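> okay, here's the prediction I keep looking at, along with the sequence it came from:
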Amino acid sequence: MAKYLLLKHYRGAPDAVNNVPMDRWTPEEVTAHIKYMNDFADRLRESGEFVDAQALAPEGTFVRYDGEGRPPVTDGPFAETKDLIAGWMAIDVDSYERAVELAGLLSAAPGANGEPIHEWLELRPFLTEPPTITE
């Protein structure tokens, strides 16, 4: 099994086919989108491929260590940035091909007018330790 992160970009990814920002959707369209996401996660729970998923708030802060005895340095929030991650889903699948298949299915979540968004999702493998070689 290999773990992958599916990143949903609110801004910063190539334009989706149904490229209407969520803040312009009706309440019913938002509800349908969330239901699709929850149903998708439920199917992955049943197949054992679901790890976790979360939606993210638009605001955030960069934090950096600034030396012993000094408070961390912060910069932000950056809600106006070009790139904005709306949420993520972690999956644990048998192959890269399965991860691509699931990302494609998640990309079809409905948006404005109930039509599939066909959004671009970023698919990132979790970094794992290289195999140990023994003689």
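Nice, thanks for sending it over.

> could you list the low-pLDDT ranges of the chain?
Scanning the chain for pLDDT under 70 picks out 11-12, 76-83, 135.

> just the strands in it please.
2-11, 50-55, 62-64, 73-75, 84-93, 121-125 (DSSP state E).

> list the buried residues for the last one?
Residues of strand 121-125 classed as buried under the neighbour-count rule (16 or more other Cβ atoms under 10 Å) are Leu121, Leu123. For every residue, glycine as well, the C-beta is placed using N, CA and C.

> can you tell me the strand partners of it and which way each runs?
Sheet pairing of strand 121-125 (DSSP bridges) gives strand 2-11 (antiparallel).

> what angle sits between the partner strand and strand 50-55?
Computed with axes from the mean of the first three to the mean of the last three Cα atoms, to 10 degrees, the direction of strand 2-11 lies at 10 degrees from that of strand 50-55.

> run the chain-centre distance for strand 2-11.
3 Å (Cα atoms, centre = their mean, to the nearest Å).

> and Glu49, how many neighbours?
When neighbours are counted by other Cβ atoms under 10 Å, Glu49 registers 20.

> next one: His9
Using other Cβ under 10 Å, the number of residues around His9 comes to 17.

> what separation do you get for it and Glu49?
22 Å (Cβ to Cβ, to the nearest Å).

> ok, the closest residue to Arg64 other than its chain neighbours - contacts?
Using Cβ to Cβ, 6 or more residues apart in numbering and skipping the chain neighbours, the partner closest in space to Arg64 is Val73 (4.7 Å). Shown in contact with Val73 (Cβ atoms under 8 Å, 6 or more residues apart in numbering): Val63, Arg64, Tyr65, Asp66.

> how about Thr26?
Contacts of Thr26 (Cβ under 8 Å, 6+ apart): none.

> quick one: it and Met37, what's the gap?
According to Cβ to Cβ, Thr26 and Met37 sit 17 Å apart.

> from what I can see Leu105 touches Phe40, true?
Yes: Leu105 lies in contact with Phe40 (Cβ atoms under 8 Å); the separation is 6.8 Å.
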